[in-house]
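>>> attaching a predicted model along with its sequence, questions to come.
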Amino acid sequence: MVVMTDVYKAYENGIRAINGVSMTINDGEFVFLVGPSGSGKSTVIKLLTGEVAPTSGELIVNDFDLNQIKPKTMPYMRRTLGVIFQDFRLVEKKTVYENVAFAMRVVGASNREIRKRVPYVLELVGLSNKQKMLPNELSGGEQQRVAIARALVNNPKMIIADEPTGNLDPSRSLEIMLLLEKINELGTTVLTVTHERELVNRFYKRVIAIDNGRIISDGMDGYYNYESEAEQGTEAEENECEAETQPE
Amino acid sequence: MKQKRSRNKIGYFIKEGASSIFSHGFMSVSAICVIIACLIIMGSFALVSVNIGAQIAKIESDNQMIAYVDDVLSRESAIALEDDLLKVENVASVQFVTREQAMDEFLDEQEDPSLFDGVEASVLEDRYIVYVDDVEQIEATKVALEQVEGISDIRLQLDVANGIITARNVVMIISIVLIIVLSIVSVFIMSNTIKLTTFERREEIAVMKMVGATDSFIRWPFVYEGLIMGLFGGLLAFLLQWGIYTLMSDLIGAYSIATLIDIIPFRNMIQYVLPVFLGAGFLVGIGGSLSAIKNYLKV
């Protein structure tokens, strides 16, 4: 469960990435977080995973208060999350099996637990027959499945997928989304960051749209509002930039 | 269960540490070579210093002065001097030698004793052979002995003792300076090698952090990497040092003039040299790896 109350985040270089975001994501939900580049989506993810700390506001992730959390406790917070990235972030020299087992090993699982759990998770993502292959021998969609298996293997409360289909063709993207939906149906909360409109609209899930570091819509109606408001906002910004750079 | 898990983990750390040594072999080999070179240089000086120390101890053990007893004293008075001599500081023991015994010894040493047929023992004096505890104090002891009433003269050969003491002190100072400088160099090289590993594995480290690995868990493989390299370097350096030492002592032994010098056999020193080399490798390995990853974990 995520509770964000009036969260602000300004970076040291002065960029104010998040300007007063409040939202609650309950256990078991499937949520899309949408918005254009530079809207603050990535900062939301970084706040949730503890990579950056909020400048102000309350932030609670799976019962860990990230305003008060000690560096020593941070790894235990992260164990309640499974994170998936656009660029997969697999360890290239490890096999599919080892990549997934690695995530269990680093949290101190025994060999016996690893031997039991890894094949189960690989079967869940449909990669049972590719356990011994290296990441670069797999297609993009398959690599992302490995990343999903790795995120799932420690049985997290919540999966955070940051543009999980950004590097995939439409049919592979749909497969990945269906897989995430299946995982959600098995009880794991899923937060997916994306800007693929068609995919989002296809699933009829809760959509939180963010722009300029603020939530501009939150509801079950797909890309409603986001498309018009966000793109207008971006155009306006571009015009401003052009105006500034024009010679006198 | 817990024990099994920790065994499990240690196995994993060692495996990871070892595999990373091989994954950038050239840097690892050069780090190990630097450790070996540093240890052999330090070891050689230390061993030379130990040998000189032993030589000094040997000289000390047969370092003797001869204290001549004044002719005017009777034999009884001369024997009674023993207590006075033993009271002098740094005197370990004394041995009374009559002029007749001294004459016999003198004649024994001559190739043709018949040349001295007419010479009476009375030309010689009764004497004491005085052994000292500390050869470095021998001059002060000599002065003190001269003050003893009934002693006419002291004979002492100081040059050899002084030369050896100077040599030992010089070697000792060089050893200490080298140990300090080379330790820093070894730790620095080791640290750089492991920094390279942390750089190569930065994505892996990021994944580890992301899935909730603790800092100590991330640190251990690098510590083991340093440890394995350090201990391996220490062991190789020990074996090489053994070879070099044996070769050098054989060479020195081959010169007849050097028979005066007793070189301590290497096998008598293994019990000290091996732990010191392994210990130094251990410290360099741990020190290098900890300094390499110290900054990396703050990210």
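Arrived safely, thanks for sending.

>>> ok, residue 168 - how many residues close by?
Assuming you mean chain A. Neighbour count of A:Leu168, defined by other Cβ atoms under 10 Å in any protein chain shown: 19. Just so you know, the C-beta spots here come from the backbone N, C-alpha and C atoms, and that holds for glycine as well.

>>> my bad, chain B
18.

>>> before we move on, what about the one 5 residues further on?
Residues near B:Ile173, counting by other Cβ under 10 Å, number 12.

>>> ramachandran angles for it?
Main-chain dihedrals, B:Ile173, degrees, to the nearest 10: phi -60, psi -40.

>>> then A:Ala17?
According to degrees, to the nearest 10, A:Ala17 has phi -80, psi -40.

>>> now do the phi/psi pair for A:Phe32.
Per degrees, to the nearest 10, the backbone of A:Phe32 is at phi -100, psi 140.

>>> right, and it touches A:Lys205 too?
Yes: using Cβ atoms under 8 Å, A:Phe32 makes contact with A:Lys205 at a distance of 5.8 Å.

>>> more crowded one of the two?
A direct count of neighbours by other Cβ under 10 Å for A:Phe32 and A:Lys205 places A:Phe32 higher, at 24 against 18.

>>> return the residues of chain A in contact with chain B.
Within chain A, the residues that sit near chain B (Cβ under 8 Å from any Cβ of the partner chain) are A:49, A:71-72, A:75-79, A:81-83, A:89, A:91, A:93, A:102-103, A:105-108, A:110-111, A:150, A:154.

>>> can you list the domains in chain B?
B:2-58+B:162-298, B:61-157 (automatic domain parsing).

>>> let me see the mean pLDDT of the shortest one.
Across domain B:61-157, the average pLDDT comes to 82.

>>> what's the answer for stretch A:151-165, then?
94.

>>> same thing with stretch A:57-64?
Rounded mean pLDDT across stretch A:57-64 is 95.

>>> just give me the neighbour total for B:Phe266.
If you count neighbours by other Cβ under 10 Å, B:Phe266 ends up with 16.

>>> what helix or strand is the closest residue to B:Glu89 other than its chain neighbours located in?
Closest residue in space to B:Glu89, ignoring its immediate chain neighbours: B:Ala144 at 6.4 Å, by Cβ to Cβ, 6 or more residues apart in numbering or on different chains. Per DSSP states H and E, B:Ala144 falls inside helix B:138-146.

>>> packing partners for that helix?
strand B:64-69, strand B:127-132, strand B:151-155 (3 or more Cβ pairs under 8 Å, 6 or more residues apart in numbering or on different chains; DSSP states H and E).

>>> tell me which residues in that helix are buried?
B:Ile138, B:Thr141, B:Lys142, B:Ala144, B:Leu145 (16 or more other Cβ atoms under 10 Å in any protein chain shown).

>>> how far off strand B:64-69 does it point, in degrees?
Between helix B:138-146 and strand B:64-69, the angle comes out at 10 degrees (axes from the mean of the first three to the mean of the last three Cα atoms, to 10 degrees).

>>> A:Arg78 is in contact with A:Thr49, correct?
Yes: in this structure A:Thr49 lies within contact range of A:Arg78 using Cβ under 8 Å: 6.6 Å.

>>> give the residues shared as contacts by the two.
Shared contacts of A:Thr49 and A:Arg78, defined by Cβ atoms under 8 Å, 6 or more residues apart in numbering or on different chains, comprise B:Met210.

>>> okay, those two: which has more neighbours?
It is A:Arg78, of A:Thr49 and A:Arg78, that has more neighbours when counted by other Cβ under 10 Å, with 24 against 19.

>>> so who does the more buried one touch?
A:Thr49, A:Gly50, B:Lys209, B:Met210, B:Val211, B:Gly212.

>>> helix, strand, or coil at the second one?
Which is A:Gly50. coil (DSSP: H, G, I helix; E, B strand; the rest coil).

>>> now do the helices in the stretch 101-250 of chain B.
Using DSSP state H, counting those that start in this stretch, the helices found in the stretch 101-250 of chain B span residues B:138-146, B:159-200, B:202-210, B:215-254.

>>> so for the last one, what's the average pLDDT?
Confidence for helix B:215-254, expressed as mean pLDDT, is 89.

>>> and the next helix or strand after that helix, how far out from the chain middle?
Later in the chain than helix B:215-254, the nearest helix or strand by DSSP H and E is helix B:270-293. Put simply, helix B:270-293 sits 18 Å off its chain's centre (Cα atoms, centre = their mean, to the nearest Å).

>>> pull out the buried positions in helix B:270-293.
Within helix B:270-293, the residues that count as buried by 16+ other Cβ under 10 Å are B:273-274, B:276-278, B:280-293.

>>> for stretch A:67-79, same thing?
Those would be A:Ile69, A:Met74, A:Pro75, A:Met77, A:Arg78, A:Arg79, for stretch A:67-79 by 16+ other Cβ under 10 Å.

>>> would you format the helices of the stretch 101-250 of chain B as a markdown table with distance to A:Leu168 included?
Shown next, in a markdown table, are the helices of the stretch 101-250 of chain B (distance: least, Cβ to Cβ, whole Å):
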| stretch | distance to A:Leu168 |
| --- | --- |
| helix B:138-146 | 89 |
| helix B:159-200 | 28 |
| helix B:202-210 | 20 |
| helix B:215-254 | 30 |
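
>>> out of these, the one nearest A:Leu138 is which?
Evaluated with Cβ to Cβ, the helices of the stretch 101-250 of chain B place helix B:202-210 nearest to A:Leu138, the distance being 16.9 Å.

>>> that closest one packs against which elements?
Under the contact criterion of 3+ Cβ pairs under 8 Å, 6+ apart, helix B:202-210 touches helix A:74-78, helix B:215-254.

>>> quick one: the spatially most central residue of chain A from chain B, how far?
The residue lying closest to the centre of chain A (Cα atoms, centre = their mean) is A:Ala161, at 2.7 Å. According to Cβ to the nearest Cβ, to the nearest Å, A:Ala161 stands 13 Å off from chain B.

>>> neighbours of B:Gly226, how many?
31.

>>> wait, doesn't it sit right on B:Ile293?
No: between B:Gly226 and B:Ile293 there is no contact under Cβ under 8 Å: 9.4 Å.

>>> now for those two: what residues contact both?
In contact with both B:Gly226 and B:Ile293: B:Ile194, using Cβ under 8 Å, 6+ apart.

>>> and the residue nearest to B:Ile218 when sequence neighbours are not counted, what is it in contact with?
The spatially closest residue to B:Ile218, leaving aside those adjacent along the chain, is B:Met208, at 5.3 Å (Cβ to Cβ, 6+ apart). By Cβ under 8 Å, 6+ apart, the residues touching B:Met208 are A:Val106, B:Phe217, B:Ile218.

>>> which ones are touching the residue nearest to B:Glu89?
Here B:Ala144 is in contact with B:Val88, B:Glu89, B:Asn90 (Cβ under 8 Å, 6+ apart).

>>> in a strand, that's where A:Thr5 is, yeah?
Yes: using three-state DSSP, the assignment for A:Thr5 is a strand.

>>> identify the bridge partners of it.
A:Thr5 has these beta-bridge partners by DSSP bridges: A:Glu58.

>>> would you agree it is in contact with A:Pro54?
No: applying Cβ under 8 Å as the test, A:Thr5 and A:Pro54 come out as separate, 10.0 Å apart.

>>> flag the shaky bits of chain A, pLDDT-wise.
A:223-248 (pLDDT under 70).
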